[in-house]
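Colleague: With the sequence up front, the predicted model follows.
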Amino acid sequence: MAKEKVTLTLDGDQLAELRRMVGARSLSAAVDSAVAAYLARLRHLAAVDEWLVELEREHGPVPQETLEWAAQLVERWDAGRSQRRARRAG
């Protein structure tokens, strides 16, 4: 796969932490990997959006209480994920 050199503006604290964690020689690889993961997430979210549109077309709109229930599940999952990350970093 062809590589292209670019100029980026990144948060200084995050960049310093990344350099400490991966080393200067691995910085490009780490950013490239992060971009690949972000693109995969965006593709996944787009597929979920398409699926939800299809479900609404077939079954009608999702009831508000179901959306609230799903949002609570996601919030609990995200909070648990943050706690697990903090324990690993701790």
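Modeller: Thanks, I have the structure now. Here the structure is a predicted model, which means the values were calculated and not measured. Numbering: from 1, shown residues only.
Colleague: what about L39, which helix or strand?
Modeller: Using DSSP states H and E, L39 sits within helix 27-59.
Colleague: Report all helices and strands that that helix contacts.
Modeller: Judged by 3 or more Cβ pairs under 8 Å, 6 or more residues apart in numbering; DSSP states H and E, helix 27-59 is in contact with helix 12-22. The way it works is simple: take the backbone N, C-alpha and C, and place the C-beta from them, glycine included.
Colleague: List the contacts of the helix it packs on.
Modeller: Here helix 12-22 makes contact (Cβ atoms under 8 Å, 6 or more residues apart in numbering) with 27, 29-31.
Colleague: Which positions in it come out as buried?
Modeller: L18 (16 or more other Cβ atoms under 10 Å).
Colleague: Report the separation between Q83 and M1.
Modeller: For Q83, the distance to M1 (Cβ to Cβ, to the nearest Å) stands at 36 Å.
Colleague: Between those two, tell me which one has more neighbours.
Modeller: Per other Cβ atoms under 10 Å, whichever of Q83 and M1 has more neighbours is Q83, with 10 against 3.
Colleague: Just want the phi and psi numbers for the more buried one.
Modeller: Phi and psi for Q83, reported as degrees, to the nearest 10, are phi -60, psi -40.
Colleague: cool, and A2?
Modeller: Here is the backbone geometry of A2 (degrees, to the nearest 10): phi -70, psi 140.
Colleague: I'd like the distance between it and Y38.
Modeller: From A2 across to Y38, the span is 19 Å (Cβ to Cβ).
Colleague: what about these two, which has more around it?
Modeller: Y38 (10 against 3).
Colleague: now that one: how far from L67?
Modeller: For Y38, the distance to L67 - Cβ to Cβ - is 25 Å.
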